[in-house]
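Student: Turn this into a structure:
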Amino acid sequence: MSNTEQWVVAEIQGRVGCLTLNRPRALNALSLSMVRDLTAALLAWRDDPAVLAVAIRGTGKEGPFGSFCAGGDIRFFHQAALAGNPELEDFFTEEYALNHLIHTYPKPYIAFMDGICMGGGMGISQGASLRVVTERSKLAMPETHIGLFPDVGGGYFLSRCAGRLGEYLALTGRILAGPESIAAGLADGFIESGRLAGLWASLATTPFENGDAVERWVASHLNAQVPAPTWPVAEVERIFGMGDATAMVLALEATDSDWARSTAEVLRHRSPLMLHVVLEQIRRARGMGLADDLRMERDMVRRCFHLRPGAASETVEGIRALAVDKDHAPKWHPARVEEVAAADVAAFFASPWPASAHPLRHLG
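Tutor: Model prediction:
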């Protein structure tokens, strides 16, 4: 068996389908083969009466748990975009279809989001019927940092956070700890990481009568209290409810607080173009169902790599600066949020395909 085939371990333990992401050196970043392996397992188990529920976890350098999934394999995105590799298109089409499958799965799907859970990791966990975090959890949609947008259904699940929290998390990419994730509505319950191995092992040995019993069993081990928000709710509402990204940045810079100063500094380092695009994405997605949101995001990601092809792509440049050359000095175009033209934003939302030929046309 090759390494790529071992990056996803799918096995039935008792009456539970157990998925383990097993690429710890890459923080379980998703490759195309991993997306395909996850999809194949879920489709096989969907109609298998022996499988009552599904549980998914990651692997860290010390063994099971410790890291969930850092997202998609951005180095692959960079290489594929520069080489014109058609697998880049396949990756996003199949990843978004997997996200939809998880959100609409007919059996309980339980995500153990221990450690890093960002980007694509959120895509394979936010659709879970039970989302479990620990004291080691770090949740985020940090895509504006690399000139991308919160995809994998990010428009759908972030726009459904309370008030303007979705705009705040999408534009800044703020990292949430486990309890903060519950406060944000992006996780359902908390467990100490030291108890994970025992709970996972019990899935194989407990005589469950149906899928709901599996989910109730896991939930019975969790603290489901909702903590108070750790962000300034009134200020998030005031700033991130404004009409455009430029107004938000200027308002932050005119506000005398540590939170406003640090938030303004974060936004000034993000892709100015993508700040405007992401704000539009979240606000459009608030009125969309999941399938339409994923189709919109598929249009957008195609535009990210093809409106300005190759090295001219804002996304390719963002990945270069963060993960390839690691100079942390992306050359954004335009360079300032005040300089973004409305027509450049609108281009991301024009579908490159007629509805009848859209790669995600079959999503219900």
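
Student: residue furthest from the geometric center of this protein?
Tutor: Centroid-distance maximum for the chain: residue 207 at 33.3 Å, with Cα atoms, centre = their mean.

Student: That one in helix, strand or coil?
Tutor: Here residue 207 is recorded as coil under DSSP: H, G, I helix; E, B strand; the rest coil.

Student: pLDDT wise, what is residue 224 at?
Tutor: Residue 224 carries a pLDDT value of 87.

Student: Please tell me I have it right and it contacts residue 189.
Tutor: Yes - counting by Cβ atoms under 8 Å, residue 189 is a contact partner of residue 224 at 4.5 Å. Where C-beta positions appear, they are placed from N, C-alpha and C, glycine not excepted.

Student: who has more neighbours, those two?
Tutor: Higher neighbour count among residue 224 and residue 189: residue 189, with 19 against 12, using other Cβ atoms under 10 Å.

Student: Which positions are bridged to that one in the beta structure?
Tutor: residue 132 (DSSP bridges).

Student: Same check on residue 110?
Tutor: Per DSSP bridges, the residues bridged to residue 110 are residue 55, residue 130.

Student: if we can go back for a sec, mutual contacts of residue 224 and residue 189, please.
Tutor: Residues touching both residue 224 and residue 189 (Cβ atoms under 8 Å, 6 or more residues apart in numbering): residue 182.

Student: got the buried residues for stretch 222-241?
Tutor: 222, 231, 233, 235-236, 239-240 (16 or more other Cβ atoms under 10 Å).

Student: Just the local confidence number for the residue farthest from the centre of the chain, please.
Tutor: Per-residue confidence (pLDDT) for residue 207: 96.

Student: okay, and for this protein, where does confidence drop off?
Tutor: For the chain, the stretches flagged by pLDDT under 70 are 1-5.

Student: where exactly do the strands run in it?
Tutor: Using DSSP state E, the strands of the chain run over 8-13, 16-21, 53-57, 59-60, 63-64, 109-112, 116-118, 130-133, 138-140, 176-177, 189-190.

Student: helices or strands next to the first one in the packing?
Tutor: In this case it means strand 8-13. Applying 3 or more Cβ pairs under 8 Å, 6 or more residues apart in numbering; DSSP states H and E, one finds that strand 8-13 contacts strand 16-21, helix 32-46.

Student: swap in the last one?
Tutor: Packing partners of strand 189-190 (3+ Cβ pairs under 8 Å, 6+ apart): strand 130-133, helix 178-183.

Student: residues touching residue 278, list them.
Tutor: By Cβ under 8 Å, 6+ apart, the contact set of residue 278 is 143-144, 149-150, 170-171.

Student: residues of stretch 248-257 that come out buried?
Tutor: Going by neighbour count (16+ other Cβ under 10 Å), the buried part of stretch 248-257 is 248-252.

Student: I meant to write stretch 57-77 there.
Tutor: Within stretch 57-77, the residues scored as buried using 16+ other Cβ under 10 Å are 57-60, 64-74, 76-77.

Student: Does residue 124 touch residue 111 like I think?
Tutor: Yes - assessed by Cβ under 8 Å, residue 124 is found in contact with residue 111 at 7.2 Å.

Student: okay, and the common contacts of the two?
Tutor: Counting by Cβ under 8 Å, 6+ apart, the residues touching both residue 124 and residue 111 are residue 56.

Student: Is it correct that residue 10 is in contact with residue 34?
Tutor: No - taking contacts as Cβ under 8 Å, residue 10 lies outside contact range of residue 34: 10.9 Å.

Student: Give me the more crowded residue out of those two.
Tutor: Counted by other Cβ under 10 Å, residue 10 and residue 34 do not tie: residue 34 has more neighbours, with 26 against 17.

Student: tell me the contacts of residue 28?
Tutor: By Cβ under 8 Å, 6+ apart, the neighbours of residue 28 are 7, 21-22, 58-59, 67-70, 121.

Student: would you list those residues in a markdown table and tack on distance to residue 275?
Tutor: Below are the contacts of residue 28 laid out as a markdown table (distance: Cβ to Cβ, whole Å):
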| residue | distance to residue 275 |
| --- | --- |
| 7 | 33 |
| 21 | 31 |
| 22 | 36 |
| 58 | 30 |
| 59 | 34 |
| 67 | 29 |
| 68 | 27 |
| 69 | 25 |
| 70 | 22 |
| 121 | 23 |
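
Student: burial count for the closest residue in space to residue 236 that isn't next to it in sequence?
Tutor: Excluding the flanking residues, the one nearest residue 236 by Cβ to Cβ, 6 or more residues apart in numbering is residue 168, at 4.9 Å. As a burial measure, residue 168 scores 25 neighbours (other Cβ under 10 Å).

Student: follow-up on the earlier one: now, the contacts of residue 28 that are in helices?
Tutor: When DSSP state H defines the helices, the subset of the contacts of residue 28 inside them is residue 121.

Student: ok, residue 80 touching residue 88?
Tutor: Yes - in this structure residue 80 lies within contact range of residue 88 using Cβ under 8 Å: 3.9 Å.

Student: ok now do the nearest residue to residue 271 once chain neighbours are set aside, which residues does it touch?
Tutor: Among residues not flanking residue 271 along the chain, residue 147 sits closest, at 4.2 Å (Cβ to Cβ, 6+ apart). Counting by Cβ under 8 Å, 6+ apart, residue 147 makes contact with 271, 273-274, 304, 313-319, 330, 332.

Student: which one of the contacts of residue 278 is nearest residue 218?
Tutor: For these, the minimum distance to residue 218 (Cβ to Cβ) is 27.0 Å, reached by residue 150.

Student: my guess is that closest one meets residue 139, correct?
Tutor: No - here residue 150 lies out of contact with residue 139, judged by Cβ under 8 Å, at a distance of 11.8 Å.

Student: Highest mean neighbour count out of the helices and strands packed on strand 8-13?
Tutor: Of the helices and strands packed on strand 8-13, the one with the most neighbours on average (mean count of other Cβ atoms under 10 Å) is strand 16-21, at a mean of 23.
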